[in-house]
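Asker: Quick check, what structure comes out for this input:
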Amino acid sequence: MLMEKVVLEEMGKLTRMSTRRLCFVGGTLLLTESPDLFGGRYDNWWAPLLEKLVKLNELPPEKEVAEDLHSFDLTADENNVSMPGLVATSQNQLIFAKKPERDVTADRGEPRQFLAQQLAKLSANQPGQVAQKCANLNPDVRNCVMLYCQAAGVNVV
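Answerer: Residues are numbered from 1 along each chain as shown. Below is the predicted model:
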């Protein structure tokens, strides 16, 4: 239920690239390193998770909805007297200031290559089973996975 209602449904709603990448790497690790997900009691969720990961990587993110920052006047002081210039500029800088994002998945390399390498590693540990599961995937997803493997120089057997 958690996999269906939270992971698979909410994964497609991610808009920030850093969040999508983090989710992709985490999903890949779950897909390839969880014994319960591959051949265990949650085996039926393996293919849908792989499909969702490929879609997360291939489909563009939804447009980010901007917060409504126009609900208050940036140029008015506490007496509602307009103060253009320095005060408004300072407030704008504070409102729109962001910390630089740190990529916590940088050590994993390029996401597509990481997925291919992890699938090849799983395939080496479970010969024939990964290829069989991939053969039953949606043709578009299967082609993407094959392209990822070719680009990474690995085979899934």
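Asker: any idea what A124 is structurally, helix, strand or coil?
Answerer: Following DSSP: H, G, I helix; E, B strand; the rest coil, we place A124 in the helix state.
Asker: who touches D36 in this structure?
Answerer: Y42 (C-beta atoms under 8 Å, 6 or more residues apart in numbering). (Each C-beta comes from the backbone N, C-alpha and C, glycine too.)
Asker: Where does it sit, in terms of helix or strand?
Answerer: Assessed by DSSP states H and E, D36 sits outside every helix and strand.
Asker: buried set for the lengthiest helix in the chain?
Answerer: Criterion DSSP state H: the longest helix present in the chain is helix 17-33. By neighbour count on 16 or more other C-beta atoms under 10 Å, the buried set for helix 17-33 is 20-25, 27-28, 30-32.
Asker: same question, stretch 115-132
Answerer: 115-120, 122-123, 126, 129-130.
Asker: of those residues, closest to K98?
Answerer: The closest of these to K98 turns out to be L115 (C-beta to C-beta; 29.1 Å).
Asker: which residues touch the closest one?
Answerer: Neighbours of L115 in contact, by C-beta under 8 Å, 6+ apart: 24, 28, 53, 57, 145, 148.
Asker: May I ask which of those comes out lowest in pLDDT?
Answerer: Among those, N57 carries the lowest pLDDT, at 90.
Asker: check which helix or strand covers it.
Answerer: helix 46-58.
Asker: which other residues reach that helix?
Answerer: For helix 46-58, using C-beta under 8 Å, 6+ apart, the contacting residues are 3, 7-8, 11-12, 14, 20, 23-24, 27-28, 30-31, 37-38, 111-112, 115, 133-134, 136-138, 141, 144-145.
Asker: So for F24, what's the nearest residue that isn't a sequence neighbour?
Answerer: In space, and not counting its chain neighbours, F24 is closest to P111: 4.9 Å by C-beta to C-beta, 6 or more residues apart in numbering.
Asker: Could I get the phi/psi values of that neighbour?
Answerer: Backbone torsions for P111, taken as degrees, to the nearest 10, come to phi -60, psi -40.
Asker: for the contacts of L115, which one is nearest R102?
Answerer: Nearest to R102 among the contacts of L115, with distances taken as C-beta to C-beta, is F24, at 16.8 Å.
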